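# return a 3D structure for these sequence lines:
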Amino acid sequence: MNSIIILSLLVVLMLTGMPVSISLGLTVLSFLFFMTEVPIESVALKLFTGIEKFEIMAIPFFILAGNFLTHGGVARRMIQFATAMVGHWYGGLGLGGVLACALFAAVSGSSPATVVAIGSILMPAMVKAGFPKSFGAGVITTSGALGILIPPSIVMVMYSVSTNTSVGALFMAGVVPGLLLAFLLGLTTWYRAKKFDYPRQPKASWGQRWVAFRKAVWGLLLIVVVMGGIYTGVFTPTEAAAMSAVYAFVVAVFVYKDMRLKDVPRVLLASANMSAMLLYIITNAVLFSFLLTHENIPQQMADHMIGTGVGVIGFLLISNVLLLVAGNFMEPSSIVLILAPILFPIAMKLGIDPVHFGIIMVVNMEVGMCHPPVGLNLYVASGITKMGITELTVAVWPWLLTMLGFLLLVTYWPAMSLWFPRMLGMIA
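Next up is the predicted model:
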C-alpha cells in the first residue's frame, strides 16, 4: 500500500510539470512528515551523508573536461581524422561522424556534449557536400548517444552511486558494447548511403591520414590517460576524471590554443551550473532511495515478482519496457536514480550480474535520448539543424531501430558486457 502511495504521489507531482528533482524531494518529505514517525532530522543527515561518496566527485570533473574539449577545437580535429580514415566509403562524412562521435564519447562522458561538439561542425559540412539534412541529423543524434555507453560515462557513475557497483568495472564493461554499437550504427549509415547513392569523399592518402592523426593525437591521448589509468590501477575513476579535466584544460588552452585564458571562467561557470543541477537531482534521489529502503519496498517488490514465477528472461523484458517508457518522460540521470534502487534488488535476487544490469540500463537510456517527447539528443540536434522535433523523429528511425535490436542483444548476451572486465580481473 505504501509503495502505491509513494509512486502515485511522485507521478502526480511530475505531471504538474514540476522538475523531477523537486518532485522527488517533496514526495519524500510529504510521506515522511505525514505517514511515518521518522524524525525529520534524519532527513537532513541523509542529505549530507548521501552525497559523501568519493565516486560522485567524478561527475563535475567529467563535465568540466567535456566542456573544455567542446570549446577547445578537439572535436574538429577528431572529425578531420575520422573522415580521413573512412570518408571514401559510401556516406563517408556520415561514417566519419559515427567514428568521431565514438572518439569524442571516449573523452567527454556526455551524450548532449558529443552531439553539440560533433554535430555543430559536421552538419554544415554534410549539407554542403550534398547529403540530405535528415540523413546527417539521424547520424549525429543517434551516434551522439554513444557518449553515455563508451566510457567514461556520467550515467554509469550515477548507477554506481545508486547501487554501490564498481565504477571501474562498469567503465570497462561499456567498452565492447560501445564499440559494437558504433559499428552497427556505422553499418546502418553505410547501407542507407549506398542505397540512396549519397556522396563519397576522395580517398585520403596515408600521408594525409598521418597528418590528420598527428593533429588529433592530443585529444586521442586523453582516451589513453583515462582508460589506461583506470585499468592499470594508476588512477581510480574519480582521479581519472580529475586528470582528464586538467589535461583537457592544458590541451585546449596551451596546445591547440583554440581557447583563450579569458574564456576559462565562462567554461568553469557553465560546468558548475550543470554540476549543481545534477548534484541536486542526486541528493533528492538519495532521499527517495532512503524512503524506499525504509519502507522495505524494493524487497517486497522482489519477493512478489519472484513469487509470480517471473524468471530472468521475463524480468529483463519487463525492465526494458519500464525503462523505455520512463525514457518518454524523464532524462537519463533521473531514470537511473529513481528506478535503479527499485529494480536492482530484484535483479540481484534473480542472480543477474550488477555490472551487466548497469549496461542494460545505460543502453535503455541511450534509446530514450533519441526519441520524443523528452529525448535530450533530439532537442540538442534540433537546435543545431533547425529541424522540428517531428521531422527529426522521422529522420532517426533507421538508426533507432538498430539501437533497439542492439538493446535485445546486450540484454540477453551478458558475455558481451562482462568479458572485458572479467579479463582484467575486475569482476569474478
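# please list all residues in contact with Ala272.
Taking C-beta atoms under 8 Å, 6 or more residues apart in numbering, we find Ala272 in contact with Pro60. C-betas here are computed from N, CA, C, even on glycine.
# confidence score at it?
According to the predicted model, the pLDDT of Ala272 comes to 90.
# and what of Gly50?
Gly50 carries a pLDDT score of 66 in this model.
# with Gly66 instead?
At Gly66, pLDDT is 83.
# one more: Leu408?
95.
# distance check, it against Met227.
Distance, Leu408 to Met227, using C-beta to C-beta, to the nearest Å: 27 Å.
# out of these two, which sits in the busier spot?
Per other C-beta atoms under 10 Å, whichever of Leu408 and Met227 has more neighbours is Met227, with 19 against 13.
# quick one, helices of the stretch 1-150 of the chain?
2-15, 20-35, 40-49, 58-71, 74-86, 92-108, 111-129, 133-143 (DSSP state H, counting those that start in this stretch).
# go on, the stretch 151-300 of the chain?
Counting by DSSP H, counting those that start in this stretch, residue ranges of the helices within the stretch 151-300 of the chain are 154-163, 167-173, 175-195, 206-223, 229-231, 237-250, 264-294, 297-307.
# got the buried residues for the helix or strand following the last one?
To tie it back to what came earlier, the one meant is helix 297-307. Counting by DSSP states H and E, the next helix or strand C-terminal to helix 297-307 is helix 312-326. Neighbour counts using 16 or more other C-beta atoms under 10 Å place Phe315, Leu316, Ser319, Asn320, Leu323, Leu324, Ala326 of helix 312-326 among the buried residues.
# for helix 312-326, packing partners?
In terms of contacts (3 or more C-beta pairs under 8 Å, 6 or more residues apart in numbering; DSSP states H and E), helix 312-326 is packed against helix 332-349, helix 354-368, helix 389-412.
# give me that answer again for 6 Å
Packing contacts for helix 312-326, counted by 3 or more C-beta pairs under 6 Å, 6 or more residues apart in numbering; DSSP states H and E, involve no helix or strand.
# put the alpha carbons of it into CSV.
Output in CSV follows, covering the C-alpha atoms of helix 312-326 (Å, rounded to 0.1, in the frame of the first residue of the first chain):
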residue,chain,number,x,y,z
VAL,A,312,15.4,-13.8,-15.6
ILE,A,313,14.2,-13.5,-19.2
GLY,A,314,10.8,-12.2,-18.2
PHE,A,315,12.2,-9.7,-15.6
LEU,A,316,14.7,-8.3,-18.1
LEU,A,317,11.9,-7.8,-20.7
ILE,A,318,9.8,-6.0,-18.1
SER,A,319,12.7,-3.9,-17.0
ASN,A,320,13.5,-2.9,-20.6
VAL,A,321,9.8,-1.9,-21.3
LEU,A,322,9.7,0.0,-18.0
LEU,A,323,12.9,1.9,-18.8
LEU,A,324,11.9,2.6,-22.4
VAL,A,325,8.5,4.0,-21.1
ALA,A,326,10.3,6.1,-18.5
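# what's next to that helix, contact-wise?
Residues outside helix 312-326 that contact it (C-beta atoms under 6 Å, 6 or more residues apart in numbering) are Ile335, Leu343, Leu350, Asn364, Thr411.
# low-scoring pLDDT stretches of the stretch 51-200 of the chain, where are they?
Residue ranges of the stretch 51-200 of the chain with pLDDT under 70: 51, 72.
# for Ile342, which non-adjacent residue is spatially closest?
Pro298 (5.5 Å; C-beta to C-beta, 6 or more residues apart in numbering).
# show the contacting residues for that neighbour.
Contacts of Pro298 by C-beta under 6 Å, 6+ apart are Leu292, Ile342, Pro345.
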